Every structure is written in structure tokens, then in C-alpha cells.
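A.B. asks: My questions are about this predicted structure, shown below with the sequence.
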Amino acid sequence: MNVVLVDAGGTNIGSVRYALQRLGVDACLTSDADEIRSADKVILPGVGAAGPGMARLRELQLIDVIRSLSQPVLGVCLGMQLLCEHSEEGDTPCLGVIPAKVHRFEEAPGQCVPHMGWNRLSAVAAHPLLKQMNEGDWAYFVHSYAVPLGTYTLVSTDYGKGFSSVIGHRNFHGMQFHPERSASVGATLLKNFLEL
Amino acid sequence: MLSRRIIPCLDVRDGKVVKGVRFRDHVVMGEIVDLALRYRDEGADELVFYDITASPEGRSVDRAWVERVARVIDIPFCVAGGIRSVNEARDVLHAGADKISVNSPALERPELIDELAAAFGVQCVVVGIDSLRDADGEWRVRQYTGDPSKTRSLMRRTLDWVLEAQRRGAGEIVLNCMDSDGVRKGYDLEQLKEARAICRVPLIASGGAGAVEHFRDAFTDARVDGALAASVFHSGAIAVPDLKRYLQGQGVTVRL
């Protein structure tokens, strides 16, 4: 299977790549439009801020390439947020392939931002990406911005209020947490994605 | 609901995990990857690796072992040790670390925190603070604690530094209470509570864990987000699964 990781400058690319290697898949890291178009699966990792993330995709001339993909695509963390329409972070227009908007978490007493640590997956939808997932499974999150609940929500997580921890629309999917750092739960999710 | 984190800390010297008492007299505890895997299997929520001699020796962390750890570990880990620039931080993050922690270099040049936050986002940037209570009752920051002959006392008050680090873009604070470090008498709850009151980002307790009750107190009294410990885990005095079951029984939310 030909899996590519879009090299948009995210710092978690290495970790995602190693996680795929542990599943027996050697993903290639690329910013080449043809390689991305011809891949079986495309993963958009990302750690950092929305503005620089989109700027980098624009510089690499990958905006329309990613928008036009028809194979399964997975955005991780910032990568998921970039798949949405707009991010409040730096008031950034994003790729717009998932009809969602990204908002900053509200700080509240006893509720730190960034939302950092292990939190539970709940209201898990019936979806091939979520095979063998159970209500209350733990995943590792590190983020200050989040996607509210909506029709695209496949899994929700509670932090003050509910937000989308997994989203999907057509062939595009996003995970707000880090499957590459979510122990066996994360490995199962990545395996499910590879089997879509 | 977010769980409270249990974080074994591995002090690294010359590519091996070592442990000292009150920051001195280090003995070798084992191989980095072996210990990392052991804690992952036991259910540790995160790991922290401190290259304890990097800063006093004026060098950055050795990225070879960071990459070895990243290949095998599927829980988050943070690396600390002499990271003085955005480029050095990028090397460590690209080698596979999830976060970088800065301590002495941030005291040398506080703008480093701003630069790291701008380059990678606040969620990658942990500021470690080594704090000791002075004779006048004030907690003040210490620098270069990895080498006792080079450790320096600073005039900077610990709580002032907690505020400044956050303002500059720290996404998490690890407060090493040196008075209690390695002596297993419990975390410094008084100091942690004062830090908690002014800390809006995740706060991690460090220094002094000796019994399961100490972890409970840090979570329930000082309301820290995570508790870091080394010797009690390395020695086997406390096993991570037992600790987590105990905490759950005490009403603390943990990942089991």
C-alpha cells in the first residue's frame, strides 16, 4: 500500500511515520503533487499554528491538490483543523473540505488551555474508521483550538463542553488527538484508516 | 474528562538513565529504551527525559537516543537538556519528541520561550523550574542544577518566573521543588498550591514522591495536572498500575 505523509513542516511527522512503521507500513514523506495524487492513502500531520500551516501548503502549491483528492485522507491535530473551512487561530481560511470551523477553547477556572493530556472518546459513531473503538477509550490531546460538535462529528470528547475529537466528511477524516501517541487505541485507529 | 497524568522522569547521562539524590551522586538505573518501554507497558501517561549534564556542559541534547525512543514509544514524551535555540529545539522535535522543556537556557535568555512558542506553538513548550526555599522564606530559582559545582542561585522569585514564563508562551510548567527532591517525603504542597493559584497552563509537580498518598495529595490538594517522579518508579517501590488503581479509588481521574 502506498501511503504518503504530506510534508507541510509539522514537527510530529517523525512520530506519525514511526507509528505507521510499527503497523508494518513504510509511508513516504513528500510534498510532490503527483506523489500525493497517486497515493492510496494521504495523511496530513501537523503541529503548530494554522496560519503558518496554510502558508506552507500554499507555498508548496498543495492547496488545490489536497482539495481535489478522492482517496482516504486523514488530518491529525493541526492537520485536521486545516481540513476545515476556517480557523480562529490567526483568522485563517483553511482548506474547506470538511464543513466545520475551528474555535479557541475558552479558559475557565480549573480548565487549562492548552487542553493537554489523556481524555476520553465518547459518542463513537458507527464508521469503518472506528472499528473496535469503545466508549470511554483514552486518547492523547495537545491543542488550544477545537472543532465544535456538528453533523461531521464522528467522536466527541468533553472538555468543559463537548467538542469533535474525530470528524469525517466524504473521503476526508480528522483526528484532533495524536493517534501516534495514544498507545494501543491510537494504533487501532491508524490501522482502521489504512484499511478504509 | 481530562485524566491526571503520571509521568516517570528519566535523567539521562552519557546515554544511560541515572538517578541522584537531591540532584547529586548519580547511579546508573538502566538503558533508556528498556526503561521507556517498561513504563509504557505499565501505563505511564507520558515520559520526560532530562539530559542532565547538557546544560552545564554547554551542549544540546543528543538526538540519537531521542530518535531511538520515538521509534518504539507510542505515548508522548518530552525532552530537556541544554536546548538553547529554535534550531536545536527543531532537531529534537523532528527526531520525534512531542515537547521540549527548557530550564537553564530560558533563565539565561527568557526570549527563548517566546521564540519557541512562535515557532512550534505553546503546546510544545514546557518550562522546567528548579526552585529552592531561601533562608528568608522566599522560593527562588536555581540554574544549572545538573552539576552541583555549577549550580547557581538567582535573585528571581520562583512565582515571578512562573508568571513570566506563561506570559512568554510556556504551554506547561514543571515545578521541581528541590528541597523535597529525592528524599521521598512528599511533594511540596505549599509551594505547588501557590504556583497553582497563578498558573493557567498545565502544572506538573516534581520532587519528593515517596508513597502513593503523596500523589493523591498533589492531585487533590494542590490540583496539579500531572505528577512526575523518578526514584520510586525506577526502584520498584511504587508500580505505576498499583498507583493508578489507588488513585482511582481515591476519586482521582486516571487512565486505566
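C.D. replies: Received it, and whenever you're ready, just let me know what you need.
A.B. asks: wait, what's in contact with the most centrally placed residue in chain A?
C.D. replies: Centroid-nearest residue in chain A: A:V76, 2.3 Å away (criterion: Cα atoms, centre = their mean). Contact partners of A:V76, counting by Cβ atoms under 8 Å, 6 or more residues apart in numbering or on different chains, are A:N12, A:V16, A:I43, A:L44, A:P45, A:G46, A:G174, A:M175, A:H178, A:P179, A:E180. (Glycine included, C-beta is placed from N, CA and C.)
A.B. asks: What are the contacting residues of stretch A:60-72?
C.D. replies: Contact with stretch A:60-72 is made by A:6, A:8, A:31, A:33, A:36-37, A:39-42, A:44, A:54, A:57, A:73, A:95-97, A:171-173, A:193, A:196, as judged by Cβ under 8 Å, 6+ apart.
A.B. asks: And the buried ones among the residues you listed, selectable in PyMOL?
C.D. replies: To isolate the buried ones among the contacts of stretch A:60-72 in PyMOL, judged by 16 or more other Cβ atoms under 10 Å in any protein chain shown, type:
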select buried, chain A and resi 6+8+31+36+39+41+42+44+54+57+73+95+97+172+173+193
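A.B. asks: Which ones among the contacts of stretch A:60-72 lie within strands?
C.D. replies: Within those, residues falling in strands by DSSP state E are A:V6, A:K41, A:V42, A:L44, A:V73, A:F172, A:H173.
A.B. asks: residues from the stretch 1-150 of chain B in reach of chain A?
C.D. replies: Residues of the stretch 1-150 of chain B lying close to chain A (Cβ under 8 Å from any Cβ of the partner chain) are B:1-5, B:40, B:45, B:67, B:70-71, B:74-76, B:90, B:93-96, B:98-99, B:119-124.
A.B. asks: Let me see the contact set for the spatially most central residue of chain B.
C.D. replies: Residue closest to the mean C-alpha point of chain B, counted by Cα atoms, centre = their mean, is B:V174 at 5.1 Å. Contacts were defined as Cβ under 8 Å, 6+ apart; by that measure B:V174 touches B:V48, B:S101, B:V126, B:V127, B:G128, B:I129, B:I204, B:S206, B:L228.
A.B. asks: Selecting buried members of those residues in PyMOL, what would you type?
C.D. replies: To isolate the buried members of the contacts of B:V174 in PyMOL, using 16+ other Cβ under 10 Å:
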select buried, chain B and resi 48+101+126+127+128+129+204+206+228
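A.B. asks: what residue ranges in chain B score low on pLDDT?
C.D. replies: For chain B, the stretches flagged by pLDDT under 70 are B:20-25, B:54-56, B:59-60, B:146-147, B:182.
A.B. asks: so where do the strands sit in it?
C.D. replies: For chain B, strands defined by DSSP E occupy the ranges B:5-13, B:16-21, B:24-31, B:47-51, B:77-80, B:99-102, B:125-133, B:139-143, B:152-157, B:172-177, B:203-206, B:226-229.
A.B. asks: can you redo the ones you listed as JSON lines with distance to B:R196?
C.D. replies: JSON lines is the format used below for the strands of chain B (distance: least, Cβ to Cβ, whole Å):
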{"stretch": "strand B:5-13", "distance to B:R196": "15"}
{"stretch": "strand B:16-21", "distance to B:R196": "26"}
{"stretch": "strand B:24-31", "distance to B:R196": "29"}
{"stretch": "strand B:47-51", "distance to B:R196": "19"}
{"stretch": "strand B:77-80", "distance to B:R196": "20"}
{"stretch": "strand B:99-102", "distance to B:R196": "19"}
{"stretch": "strand B:125-133", "distance to B:R196": "13"}
{"stretch": "strand B:139-143", "distance to B:R196": "14"}
{"stretch": "strand B:152-157", "distance to B:R196": "16"}
{"stretch": "strand B:172-177", "distance to B:R196": "9"}
{"stretch": "strand B:203-206", "distance to B:R196": "6"}
{"stretch": "strand B:226-229", "distance to B:R196": "12"}
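A.B. asks: who wins for proximity to B:T253 among those strands?
C.D. replies: When these are compared by Cβ to Cβ, strand B:5-13 sits nearest B:T253, at 10.4 Å.
A.B. asks: Give the pairing partners of that closest one; include direction for each.
C.D. replies: Using DSSP bridges, the strands paired with strand B:5-13 are strand B:16-21 (antiparallel), strand B:47-51 (parallel), strand B:226-229 (parallel).
A.B. asks: what's the angle from the second one to strand B:125-133?
C.D. replies: It stands for strand B:47-51. 70 degrees (axes from the mean of the first three to the mean of the last three Cα atoms, to 10 degrees).
A.B. asks: which outside residues touch strand B:47-51?
C.D. replies: Applying Cβ under 8 Å, 6+ apart, the contact partners of strand B:47-51 are B:7-13, B:32, B:36, B:39-40, B:61-62, B:65-66, B:69, B:73, B:75-82, B:101, B:128, B:146, B:174, B:228.
A.B. asks: could you flag which of the residues you listed are buried?
C.D. replies: By neighbour count, with 16+ other Cβ under 10 Å, those hold B:7-13, B:32, B:36, B:39-40, B:61-62, B:65-66, B:69, B:73, B:75-82, B:101, B:128, B:146, B:174, B:228 as buried.
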